[in-house]
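**Q** coords please:
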Amino acid sequence: MTRFRQVLAVRGMSPLLGISLLARTAITADAMALTMYVVLALEMSYAAAGGVVAALTAGVALGGPLLGRMVDRRGLRTVLVVTIVPQIVFWLTVPMLPYVILPAASFAAGLLMVPIQAVTRQAVAAMTTAGQRQAAFALESVVGELSYVVGPAVVIVCAASMSPGVVAWGLGAVIVAGGAGIALLNPPLRAADEASGETAGEAAERPRRREWLGARMLAVLTMGFGLAMLLSGVDLAIVATLEETGQLSWAAVVVAVFGVTSVVGGLVYGALPRPMPTWLLLGLLGLVTIPAGLAHDWRWLCAAMIGAGLLTAPALSTVSDAVSRLAPAGVRGEATGLQASAASAGFALGAPVVGMAIDASAPAGGFAAAGLAGLAAALTGYLLSRRSPATATSPRVPHAGRAAK
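**A** Below is the predicted model:
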């Protein structure tokens, strides 16, 4: 635990992770809040709710790189103001919007979503040394996993006991509070040596995109996309399996086991003396996901999810670490935005692909499809990183085997 204590001892790290947890818990639940509003308040179908969520997700995917580029050029607080104001307007007006307007409004809200996740990752990279980054990004991934476990569950419980419109107001208030908290904290997004070098004129110009968005970065983004697709598909396969066996009420327990073991895996990985390649962790995650389809009882499904959970947070942390190392300081915001977009696209595509596999075969086919998606992304990432020669765009970029860890 010494590594984690060293990371948390970094000035500003603990409040950064605390505010990030609060805001990301709300952001991960925004899709569920909109679903509950459409289904319960507007009394429309889940398909209609899916259209609103799809619009929100598309906005987030498109907005990530744009906001990241704005962070690089205009600074953190400018972007936070630009995104916080639209969130206030959107979440205040959600209970008053007719359905015909809601998808377009959700797309705009997604496009200007407060970039808490991307900013947290940039700040973690800037505030830590190379030796601290494995533990630091492991903690960041644990924060993300906790938000996914807590956020949607809280929204479901609240929606069952109060108006979905009030839930939307509360969720928006937490998102805005998180953005304001980050603005007040104003964490550094570039390391001290990077900032001083830029002041001295060493990095006055942004590097051209083709100089940093090469095979290695594409490999990492591909693996981030595949990882998100796998995780999205696993959630759907869990629900389908338990619905078929008449045990759907236990789905929350299985998902909780998945999330808790992921947190444990992230903490264990952060304490390891050496990092592991992303392609290896993702490939192992894909392999252990496939046989989970053999479980036909919630207890066995919990057991099957332990192996996948232990590998999830480590894989997520290595993607973030690799992006921070491969991106030069002047474009790190855009790079983390691309990472967020790849993850959003993976989550959006995972559910329908796995859903088709389940419809064509059985719930076990959903786990197989999710696992194969992870394996395909791991193999693609490995081949891309092997093809790329060593570059010198940044002194912090390691050899491919370590960059894609």
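**Q** quick one, helices of the stretch 201-350 of the chain?
**A** Using DSSP state H, counting those that start in this stretch, the helices assigned to the stretch 201-350 of the chain run over residues 209-212, 215-244, 251-271, 278-289, 298-326, 332-360.
**Q** I'd like to know which of these lies nearest to residue 119.
**A** Residue 119 lies closest to helix 332-360 among the helices of the stretch 201-350 of the chain, at 7.9 Å (C-beta to C-beta). (Glycine included, C-beta is placed from N, CA and C.)
**Q** rewinding a little: with mean neighbour count and mean pLDDT added, can I get the helices of the stretch 201-350 of the chain in TSV?
**A** Shown next, in TSV, are the helices of the stretch 201-350 of the chain (neighbours: other C-beta atoms under 10 Å; pLDDT from 0 to 100):
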stretch	mean neighbour count	mean pLDDT
helix 209-212	14	82
helix 215-244	25	91
helix 251-271	20	90
helix 278-289	25	96
helix 298-326	24	93
helix 332-360	22	87
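**Q** distance to residue 80 added to these, as CSV?
**A** Shown next, in CSV, are the helices of the stretch 201-350 of the chain (distance: least, C-beta to C-beta, whole Å):
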stretch, distance to residue 80
helix 209-212, 25
helix 215-244, 24
helix 251-271, 27
helix 278-289, 30
helix 298-326, 20
helix 332-360, 12
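**Q** all helices for the stretch 51-200 of the chain, in order.
**A** For the stretch 51-200 of the chain, helices defined by DSSP H, counting those that start in this stretch occupy the ranges 76-93, 102-111, 116-127, 133-161, 164-185, 192-199.
**Q** kindly provide the whole-number mean pLDDT of stretch 30-42.
**A** On average, the pLDDT along stretch 30-42 is 88.
**Q** which one, of the helices of the stretch 51-200 of the chain, ends up nearest to residue 60?
**A** helix 102-111 (4.2 Å).
**Q** buried stuff in that closest one?
**A** For helix 102-111, the neighbour count (16 or more other C-beta atoms under 10 Å) marks 102-103, 105-111 as buried.
**Q** where does pLDDT dip in the stretch 51-200 of the chain?
**A** 193-200 (pLDDT under 70).
**Q** could you rerun that using 90?
**A** Scanning the stretch 51-200 of the chain for pLDDT under 90 picks out 51, 53-54, 57, 61, 72-74, 130-131, 144-145, 148-165, 189-200.
**Q** surely residue 363 and residue 240 touch.
**A** Yes: in this structure, residue 363 is within contact of residue 240 by C-beta atoms under 8 Å, at 4.1 Å.
**Q** ok so, going back, residue 177: which of the helices of the stretch 201-350 of the chain is closest?
**A** For the helices of the stretch 201-350 of the chain, the distance to residue 177 is smallest for helix 332-360, at 20.6 Å, taking C-beta to C-beta.
**Q** what's the angle between the helix or strand following that closest one and helix 278-289?
**A** Per DSSP states H and E, the first helix or strand lying C-terminal to helix 332-360 is helix 363-387. On the basis of axes from the mean of the first three to the mean of the last three C-alpha atoms, to 10 degrees, helix 363-387 is oriented at 170 degrees to helix 278-289.
**Q** in helix 363-387, what's buried?
**A** 363-382, 384-385.
**Q** how is the chain partitioned into domains?
**A** 1-191, 207-405 (automatic domain parsing).
**Q** mind listing what the closest residue to residue 137 other than its chain neighbours touches?
**A** Closest residue to residue 137 apart from its sequence neighbours, by C-beta to C-beta, 6 or more residues apart in numbering: residue 317 at 4.1 Å. If you count contacts by C-beta atoms under 8 Å, 6 or more residues apart in numbering, residue 317 has them with 134, 137-138, 140-141, 266, 269-270.
**Q** picking that back up, of the helices of the stretch 201-350 of the chain, which is nearest residue 172?
**A** The minimum distance between residue 172 and these falls on helix 332-360, with 19.6 Å, by C-beta to C-beta.
**Q** just how off-centre is that closest one within its chain?
**A** When distances are taken as C-alpha atoms, centre = their mean, to the nearest Å, helix 332-360 is centred 10 Å away from the chain's centroid.
**Q** coming back round to it: just send the buried residues of helix 102-111 back as JSON lines, with distance to residue 173 too.
**A** Below are those laid out as JSON lines (distance: C-beta to C-beta, whole Å):
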{"residue": "102", "distance to residue 173": "19"}
{"residue": "103", "distance to residue 173": "23"}
{"residue": "105", "distance to residue 173": "18"}
{"residue": "106", "distance to residue 173": "18"}
{"residue": "107", "distance to residue 173": "22"}
{"residue": "108", "distance to residue 173": "19"}
{"residue": "109", "distance to residue 173": "14"}
{"residue": "110", "distance to residue 173": "18"}
{"residue": "111", "distance to residue 173": "20"}
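**Q** quick one: which of those is nearest residue 147?
**A** For the buried residues of helix 102-111, the nearest to residue 147 is residue 110 (17.1 Å; C-beta to C-beta).
**Q** the closest one contacts residue 54, doesn't it?
**A** No: between residue 110 and residue 54 there is no contact under C-beta under 8 Å: 9.9 Å.
**Q** and residue 268, how close does it get to residue 281?
**A** Counting by C-beta to C-beta, to the nearest Å, the gap from residue 268 to residue 281 is 12 Å.
**Q** which residues are in contact with both of the two?
**A** Joint contacts of residue 268 and residue 281 (C-beta under 8 Å, 6+ apart) are residue 314.
**Q** show me what contacts the nearest residue to residue 110 once chain neighbours are set aside?
**A** Leaving aside its sequence neighbours, residue 110 sits nearest to residue 59 (C-beta to C-beta, 6+ apart; 2.4 Å). Counting by C-beta under 8 Å, 6+ apart, residue 59 makes contact with 106-113.
**Q** report the buried residues of stretch 58-75.
**A** 58-72.
**Q** ditto for stretch 1-14
**A** Those would be 3-4, 6-7, 13, for stretch 1-14 by 16+ other C-beta under 10 Å.
**Q** quick one: contacts for the nearest residue to residue 279 once chain neighbours are set aside?
**A** Residue nearest to residue 279 in three dimensions, not counting chain neighbours: residue 382, with 4.1 Å by C-beta to C-beta, 6+ apart. Residues counted as contacts of residue 382 (C-beta under 8 Å, 6+ apart) are 219, 277, 279, 283, 404.
**Q** great, nothing more from me.
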